[in-house]
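S.K.: coords please:
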Amino acid sequence: MAVFFDPALAVLGMLRVPHDVVMELGALTCTARKPRCEACPLSGRCRARARIAGALAAAPRAPKGETAYRYEDSNRFWRGRILAKLREAPKEGVSLRELGAALLEGFGEGTWPGSGPS
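M.R.: Okay, here's the model as predicted:
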């Protein structure tokens, strides 16, 4: 089991016990995405443990061998491509239309938000 309280830090006034102990427990063990209930020193008294287990069991999962999303469809992918194009751009910069055309095949008037038929 991990040590959540260092008396030396408390003596120096660096821990406000029990507040900091509980905060550290939450940050390291009782996390939202992947709680480690089996490693928690309070698991025997935890009223949320049954709910957490049920919620995690019911959470949708991607089928084996498939990812939940394609990287090429993510904002991170497009942000990287945009920054790469901007690094290659001349000092005076590029217009948004030029940037869009360089990134997306078929980019044009119909691609702008609100530019479609009304």
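S.K.: output the below-cut-off pLDDT ranges for the chain.
M.R.: 1-17, 66-67, 111-118 (pLDDT under 70).
S.K.: where do the helices sit along it?
M.R.: Secondary structure of the chain by DSSP state H: the helices cover 7-11, 19-28, 49-58, 75-88, 96-103.
S.K.: relative to helix 96-103, how tilted is the longest one?
M.R.: What it means is helix 75-88. 110 degrees (axes from the mean of the first three to the mean of the last three CA atoms, to 10 degrees).
S.K.: how far away from the center of its chain is helix 75-88?
M.R.: 20 Å (CA atoms, centre = their mean, to the nearest Å).
S.K.: restrict that helix to CA atoms and write it as CSV.
M.R.: Output in CSV follows, covering the C-alpha atoms of helix 75-88 (Å, rounded to 0.1, in the frame of the first residue of the first chain):
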residue,chain,number,x,y,z
ASN,A,75,-8.9,17.7,-33.7
ARG,A,76,-5.4,16.9,-32.8
PHE,A,77,-4.6,15.5,-36.2
TRP,A,78,-6.0,18.6,-37.9
ARG,A,79,-4.3,21.0,-35.5
GLY,A,80,-1.0,19.4,-36.3
ARG,A,81,-1.6,19.7,-40.1
ILE,A,82,-2.6,23.4,-39.7
LEU,A,83,0.5,24.2,-37.7
ALA,A,84,2.8,22.4,-40.2
LYS,A,85,1.3,24.5,-43.0
LEU,A,86,1.6,27.7,-41.0
ARG,A,87,5.3,26.9,-40.4
GLU,A,88,5.8,26.5,-44.1
